[in-house]
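[1] Sequence isn't available, so here's the structure alone:
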Ligand SMILES: [Zn+2]
């Protein structure tokens, strides 16, 4: 059936006289392995001049294949850049402008849809939640493996990515199981901040955690390439690239997203394998959008039509490139748009910039003041390109996703209001941004006090900045300073009265003060403004359940799951609500589903423990509660639950110890009171 479809696809395209028909399909189609190493700067790769020896696997591919010396990303953000790599469209034309807030349009073709239609098996294996299927890149893939353990609230957030070893294992197994031609896209996240390299590589590159992460990713590339070659020794094309680079201090930027300088746009691009001439090096500009058409031509597959990218196999290239970032808009700052023509690069910003990359590759001398005719010329080209911009519907990110985006270093979510006409130039906002990064680091390390001090000063310095206000309220809430959190958010509500995220934050804050009815009102307003707001729905479910209305709670939680079926926190919440409805089997199934998605979901382990208590199986229950405390020592409720169970198991001393601990350390005053009451009973019984 697939074969017939593939043949028909050829006929249809050739009938239209497409350029695809000029390239004859090879008798045995080659399989394609596309590896995108997130956040890999070109200058860290040996084939691009690095002498640090970080990338032996990539360098070997380069030596046996084709190196694009000047490969550039269109946007230093993961989802938009991958959308470009897979579709051959610039962000202007696929419309995915930021992480978390946009969905790739259903009407556009990609490498995956095209190869699927040509009879390939297609599999994607991604390492970060930014590329979750809900953002639209899964279409065309038979398998889209995006099961990534999501950190629960208040825990270390570093777990929202998965290590490349796990991804490579799954991708390798899938590749091995393929009998016919396959397309495997494997996304590795190692070089992305926060940097946590494996100990041996950290030791090999002391004080250079980013470099060590690059080496870690390369080690995984080696494994993947070996797996693919074993499976397809003769007919295999391998392409390795990155979605963007990393600032590492250039222009004051430590990570990526705020600017469009080459430190975050220059990426490696290497293609190697069947039909690729060995040792070819190309100096022409190779854009992210050029990759898909070039790979399709290499495989002899039908071309994508109506795209920005072009097939680079004949040599040459567009010679010019577009770049942008909307990331600053999340802070209310100006968006950046850029056009590069050969070595001349123009950046449209409140203070425009012009660089001659041949003479000034580090972009240190802004020529905009002295070369106004070049500025006018490039600005004209850029503005003409911007006229063709598509405007797809933006979907708001859920609060939970937003939290995870932040944990992945994307501190600002989507801009609700967007920057005004007098928006700050990101260059001028850099001191604010750096302080903000510092506040986030303090928060991540648990120093909430220091974080709140920095954020308070940021709110004073940039009062219209909702990201600053919301971050401050979140830190205050986590510091049990709910009334202050509420007043910060009330001010934010004045700035942006129709912002669902602010309303959701208000619901969280007033719920923290015990105002259930008011919290429900805020969530209802947030959901009315954004019906796809998963975290608001999930929280609303909790609020209804707390108020004893399990029917409404269940309704809200089912709506949340319909939007985000991979969300372990929502499954766990569904378990709690089903338990409230006395649907024990349904509850157990929900908790187990949560744990299948996230084996360290403390809430779900706790729920299973409670179910065991209700069944009178105290030894089983104790194991579950112990597991909770293992994965999350701050889960105070489980400690008190364990105390109750230990008493049932005839271990009053252990029960006393656990309840005393709970009374001492629990953050929730109601739980402390419960522990105190339990201790009183325990002592009375002992007398
Ligand atoms: Zn990325």
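    It's in. For clarity, every value in this text was computed on a predicted model and none was experimentally measured.

[2] Count the residues that sit near the closest residue to the ion within the chain.
    With Cβ to the ion, the shortest gap between the chain and the ion falls at residue 78, namely 3.1 Å. Placement of C-beta: from N, CA and C, glycine included. As a burial measure, residue 78 scores 30 neighbours (other Cβ atoms under 10 Å).

[3] do residue 552 as well
    By the criterion of other Cβ under 10 Å, residue 552 has 17 neighbours.

[4] out of everything not next to it in sequence, what's closest to it?
    residue 544 (4.2 Å; Cβ to Cβ, 6 or more residues apart in numbering).

[5] So which residues of the stretch 401-550 of the chain form helices?
    Assigned by DSSP state H, counting those that start in this stretch, the helices in the stretch 401-550 of the chain fall at 426-444, 448-461, 466-478, 482-495, 500-512, 516-529, 534-546, 550-563.

[6] roughly how far out does the first one sit from the chain middle?
    For helix 426-444, the distance between its averaged C-alpha position and the chain's averaged C-alpha position is 20 Å (Cα atoms, centre = their mean, to the nearest Å).

[7] what comes up buried for it?
    Within helix 426-444, the residues that count as buried by 16 or more other Cβ atoms under 10 Å are 426-427, 429-430, 432-433, 435-437, 439-440, 442-443.

[8] With the last one instead?
    Of the residues in helix 550-563, those buried under the neighbour-count criterion (16+ other Cβ under 10 Å) are 550, 552-554, 556-557, 559-561, 563.

[9] Enumerate the residues of this protein near the ion.
    38, 78, 243 (Cβ under 5 Å from the ion).

[10] Which of these fall in helices?
    The helices, defined by DSSP state H, take in residue 78 from the residues of the chain next to the ion.

[11] Could I get the residues of the chain next to the ion in JSON lines, plus columns for pLDDT?
    Output for the residues of the chain next to the ion, formatted as JSON lines (pLDDT from 0 to 100):
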{"residue": "38", "pLDDT": "97"}
{"residue": "78", "pLDDT": "96"}
{"residue": "243", "pLDDT": "98"}
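
[12] Mind listing residues that contact stretch 587-603?
    Residues from elsewhere that reach stretch 587-603, judged by Cβ atoms under 8 Å, 6 or more residues apart in numbering: 147, 149-150, 152, 155, 159, 566-569, 571-576, 578-579, 604-605, 607-608, 611, 628, 631-632, 635, 638.

[13] buried residues in that stretch?
    Here stretch 587-603 shows 587-588, 590-591, 593-595, 597-598, 600-603 as buried, counting by 16+ other Cβ under 10 Å.

[14] starting at the chain centroid, how far to that stretch?
    22 Å.

[15] quick one: average confidence on that stretch?
    The average pLDDT within stretch 587-603 is 91.

[16] Report the separation between the closest residue to the residue of the chain closest to the ion other than its chain neighbours and residue 77.
    Closest residue to residue 78 apart from its sequence neighbours, by Cβ to Cβ, 6+ apart: residue 130 at 4.6 Å. Counting by Cβ to Cβ, to the nearest Å, the gap from residue 130 to residue 77 is 9 Å.

[17] For residue 421, the count of nearby residues, please.
    6.

[18] ok, now residue 138?
    If we define neighbours as other Cβ under 10 Å, then residue 138 has 20 of them.

[19] wait, it sits on residue 145?
    No - if you go by Cβ atoms under 8 Å, residue 138 and residue 145 don't touch, sitting 9.8 Å apart.

[20] which neighbours do the two share?
    Joint contacts of residue 138 and residue 145 (Cβ under 8 Å, 6+ apart) are residue 124.

[21] Spell out the residue ranges of the helices in the stretch 1-150 of the chain.
    Going by DSSP H, counting those that start in this stretch, the stretch 1-150 of the chain shows helices at 2-15, 56-63, 78-87, 91-94, 111-117.
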